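Asks: Structural data only, the sequence is not supplied:
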């Protein structure tokens with residue numbers, strides 16, 4: 001597997017400019033799979049809080065950047081949909097939310113909302129002791145005694161104790177956002193869920209104010225009004241102010257890094 005990451009080859013969800021330079025940092029192992037965006041990209045290219053990888057590493061070592069309530073010192077840590085970023089010293093908090101076209105964007109939130117994160121249930125099974133184990137979209141697993149939670153539902157999980165603090169059912173009338181496909185980033189209400197016989201994906205018709213669209217249920221996530229992406233910050237809103245010297249240094253590091 002290649003240790004390098006060309007900008008032209010990054011997933012569509014990454015909020016980076018494709019043609020400014022050849023390489024960008026490669027995401028490390030962790031949650032969200034290939035769709036996970038390195039923390040460095042958000043700090044440097046989206047928020048503009050650092051100008052180089054060296055500055056990002058120094059900032060992370062101070063322990064003031066929290067991801068889902070935990071301090072992270074790895075600039076390559078994958079960040080993905082619905083993760084919570086907290087900048088303690090700046091008193092700033094963001095939720096990663098799918099923006100227009102499916103590119104991940106940062107939505108400012110209050111400090112109280114940063115204590116938990118939203119997750120889509122993609123797996124459910126019974127484990128020893130009679131409890132239910134849920135698998136979320138980012139790979140996180142958790143135990144619950146609530147048997148009413150089903151696959152494709154969404155849950156709000158506390159960062160400190162990993163307890164389910166809220167549950168949103170996937171059903172007709174639910175508020176959803178599309179996270180993949182042609183309508184990624186669009187929010188609407190589930191109008192109809194069509195079960196597909198056999199192994200094909202089920203379809204869902206989502207209605208908006210004056211329009212509607214159809215997609216597969218794998219591409220939608222149930223949310224509530226507090227999880228919308230209004231006022232989201234995208235990479236295109238902040239210009240990369242890195243100097244030519246810093247840019248060349250960063251690209252050299254990104255190519256040669258083990």
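Replies: Happy to help now that I have it. Every value quoted in this text rests on a predicted model; they were computed, and no experiment measured them.
Asks: measure the nearest residue to residue 148 once chain neighbours are set aside to residue 201 for me?
Replies: Leaving aside its sequence neighbours, residue 148 sits nearest to residue 167 (Cβ to Cβ, 6 or more residues apart in numbering; 7.3 Å). Glycine gets a C-beta too; all of them are placed from N, C-alpha and C. Residue 167 is 23 Å from residue 201, where distance means Cβ to Cβ, to the nearest Å.
Asks: Contacts for stretch 56-72, please.
Replies: 39-40, 43-44, 49-50, 73-75, 77, 79, 83-89, 114-115, 117, 159-160 (Cβ atoms under 8 Å, 6 or more residues apart in numbering).
Asks: one step back: with neighbour numbers in mind, choose between residue 167 and residue 201.
Replies: Using other Cβ atoms under 10 Å as the criterion, residue 167 and residue 201 rank with residue 167 on top: 16 against 11.
Asks: quick one: pLDDT of that one?
Replies: Here the pLDDT value assigned to residue 167 is 95.
Asks: which element is it on?
Replies: Element membership for residue 167 (DSSP states H and E) is strand 164-168.
Asks: Contacts for the following helix or strand past that strand next, please.
Replies: Heading C-terminal from strand 164-168, the first helix or strand you meet, by DSSP H and E, is strand 175-178. Strand 175-178 is contacted by residues 97-98, 170, 184-190, 204, 206, 213, 215, 219-225, 227-229 when judged by Cβ under 8 Å, 6+ apart.
Asks: Now, of the contacts of stretch 56-72, which are buried?
Replies: Those of these that meet the buried threshold are 39-40, 43-44, 49-50, 75, 77, 79, 83-87, 114-115, 117, 159, by 16 or more other Cβ atoms under 10 Å.
Asks: The biggest strand by length in the chain - contacts with which helices or strands?
Replies: Among all segments of the chain classified by DSSP state E, the strand with the greatest residue count is strand 116-126. Under the contact definition 3 or more Cβ pairs under 8 Å, 6 or more residues apart in numbering; DSSP states H and E, strand 116-126 sits against strand 132-136, strand 154-158, strand 220-222.
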